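Engineer: how does the following fold in three dimensions:
(chains A and B)
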Amino acid sequence: MARAVTSMTRFNITALALGLAFLYLPIVILVIYSFNASRLVTVWGGWSLRWYVEFFNDRAMMEAAWMSLLVAGLSATLATVLGTLAAIGLARGERFRGRTLFSGMLYSPLVMPEVISGLSLLLLFVALNAERGFWTVTVAHTTLTMCFVTVVVQSRLTSLDRSLEEAAMDLGCDPVRAFLLVTLPLILPAIIAGWMLAFTLSLDDVVIASFTTGPGSATLPIRIYSEVRLGVKPEINAICTLMIALITVLIVAASLASRISSAQGESGAPL
Amino acid sequence: MPLLRIEGVAKAFGNFRAVDRLSLDIRAGEFFALLGPSGCGKTTLLRMLAGFETPDEGRILLGGKDIAQALPHERPVNMMFQNYALFPHLSVRDNIAFGLRRAGMARGDIATRVDEMVALVKLDGMEKRKPDQLSGGQRQRVALARSLARRPQVLLLDEPLAALDKKLREGTQAELMELQRRLGTTFIIVTHDQEEAMTMASRIGVMDAGRLRQVATPRNLYEAPSSRWIAEFVGDINLFSGEITSRENNRLKVATRGAGTLVVSELWPPVSNDVVNVAIRPEKVKLSRRAPASEEGGSQAINRLDGVVTDVNYLGGVTTYKVKLESGAMVRSSVANTARLDIDAYLAGQRVVAWFTSDDCLVLEQ
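Structural biologist: The predicted model follows:
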């Protein structure tokens, strides 16, 4: 039985190859064409880094990219702080009335269609008469990504032995220092994973950003989206390739961090 | 004034009364065991001493000062956790030093104290390891060293040996007792294992349903249980319910349902009720092929019960027998295997006389 599952039969290899091709062929083509020397997107004209140079010289694109990184960095940080606090409240707080309701509400952005979230945020900002721009996108992305941080951190906290905090208090820590000296170092990998998840989610969001951004503060995905409507420039391929690289690095780092975090839960080792 | 005085302490979780107006005095230097079935409130009581739970009512006086409402870090009490609760991100050395750093001790003093603790629990050479690089027994030692490092007035131990295997547990029991004698620290241990409590503790408090049923030395707990519940909880016992028919010369005659009339020496305090249980520990029930001569009991009266052996269980050091009496009642007897060859053994189906002296019997009220 175990052999049949683990050994790579011809069927398994074919299935795996087809699946991976289905998922990654478009991306691979995009990456290859980003090195295309030709001005025409569909015609191969030899290898070149021309479009990367073009991108770095395109001020509007660079501004949008900078804007995106800023929004992603700031909203991920805010979401991590708020999401971690929410996770602590849910995992460690006394059982209070409506706790289940609260945790359900916290997770609703996970399942809510983005169009609805975006629209409701837009209505809120209009009602508050807030000028749409950098801050509104940042706030919107914070609400979107906070729940992801909470999920990651809460699962780590619930698997963490409560008696560790009690031991710290027993050995002379007040509750705050017990948290800082014992709990925080142990959930740090989960917090870092949560931050990276929030960062990537913010970086590639179009829908919510398009509802909540204003003139002069377009994020990179929005900028790309509007450019593509006028026709695909090879430069877009270069930008997308760079984004894919960045996101891949972050996702791998996030999964490594959360694996370290769960390994710690099992065996008690930091590495 | 005892070191620790627990006065009418109660704690409820919702409608469940975990600890129910419990009072207890513990003297300095004692090795005290809280024994009881799971859910009896012993762990809740220990957690109230540590400060992880606050009592709903009552006082906890440590050296005369009420600490019932004090936070854990404000008490000169330390706890060794059942799962050890070692900090996985810190080395053995840092785990032991953790409490000392919080106390604001000077660096040099901390180093000296940690070395002292490491030597005390025989962990030399392990200081740099992380908890996951240690065996179960070594982790237990680190936990012990960490909880003793601050030199607490009282050390609380929550099932400290539950996670160890049997052989290691026996060795560790002896080491814990030796350590306690050497340091003179007051130890309060929570356990559900009566053998463990009997072996280590100088006094045992047996808890049930949030109350203390009896506080006594191990010997008194076993030989003079205060109630039928204690007698049945601690060790094994034969019970015959009956009624006292005569009281003369400190001897009671009890007409029992299962074993006829038994002669029992009256203990202090005398029983007031006539409806009682006669209790006898299995190892005090002797077996013989024919009725023993009355001299064998010395000046005591001997109770003889005729029956047939139905069950024989050879356990190595002892063999336990079940003897069915003519009335249908069962008597359990345990006999030490003092000879290697089985000349003394009885076989199932064999007719025997089970006998015991009046002094070995206990009279317990219902």
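Engineer: for the closest residue to chain B within the stretch 1-150 of chain A, give its distance to residue B:362.
Structural biologist: Proximity of the stretch 1-150 of chain A to chain B (C-beta to the nearest C-beta) peaks at residue A:95, 10.6 Å away. The C-beta positions use only the backbone N, C-alpha and C, and glycine is treated the same way. Taking C-beta to C-beta, to the nearest Å as the measure, residue A:95 falls 47 Å from residue B:362.
Engineer: swap in residue A:61?
Structural biologist: Residue A:61 is 93 Å from residue B:362, where distance means C-beta to C-beta.
Engineer: where does the chain have low pLDDT?
Structural biologist: Unless you meant another one, I'm taking chain A. Low-confidence segments of chain A, defined by pLDDT under 70: A:1-7, A:94, A:261-271.
Engineer: ah, no, chain B please
Structural biologist: Confidence mapping of chain B against pLDDT under 70 gives the ranges B:268, B:292-299.
Engineer: residues from it in reach of chain A?
Structural biologist: B:50-52, B:71-73, B:78-79, B:81-83, B:85-89, B:98-99, B:102-103, B:130-133, B:146-147, B:150 (C-beta under 8 Å from any C-beta of the partner chain).
Engineer: please repeat the previous calculation with a cut-off of 7 Å.
Structural biologist: Chain B has residues B:50, B:52, B:72-73, B:78-79, B:81, B:83, B:85, B:87-89, B:98-99, B:102-103, B:130-132, B:150 near chain A, with proximity defined as C-beta under 7 Å from any C-beta of the partner chain.
Engineer: just read off the phi/psi values of residue 208.
Structural biologist: Going with chain A. Per-residue torsions, residue A:208: phi -70, psi -40 (degrees, to the nearest 10).
Engineer: look at chain B instead
Structural biologist: phi -150, psi 130.
Engineer: now do the strands in the stretch 151-300 of chain B.
Structural biologist: Per DSSP state E, counting those that start in this stretch, the stretch 151-300 of chain B carries strands over the ranges B:154-158, B:186-191, B:203-208, B:211-216, B:238-248, B:251-256, B:260-265, B:275-280, B:286-288.
Engineer: so who does residue A:107 touch?
Structural biologist: residue A:147 (C-beta atoms under 7 Å, 6 or more residues apart in numbering or on different chains).
Engineer: try 10 Å
Structural biologist: A:147-148, A:150-151, A:154 (C-beta atoms under 10 Å, 6 or more residues apart in numbering or on different chains).
Engineer: which one of those has the most neighbours?
Structural biologist: The most crowded member of the contacts of residue A:107 is residue A:150, carrying 28 neighbours; neighbours defined as other C-beta atoms under 10 Å in any protein chain shown.
Engineer: and residue A:166, that's in a strand?
Structural biologist: No - Residue A:166 is assigned helix when assessed by DSSP: H, G, I helix; E, B strand; the rest coil, not a strand.
Engineer: so it versus residue B:147, what's the distance?
Structural biologist: Distance, residue A:166 to residue B:147, using C-beta to C-beta: 12 Å.
Engineer: same thing with residue B:179?
Structural biologist: Taken as C-beta to C-beta, the span from residue B:179 to residue B:147 is 11 Å.
Engineer: mind checking which of those two has more residues around it?
Structural biologist: Neighbours per residue (other C-beta under 10 Å) separate residue B:179 from residue B:147, with residue B:147 holding more: 26 against 17.
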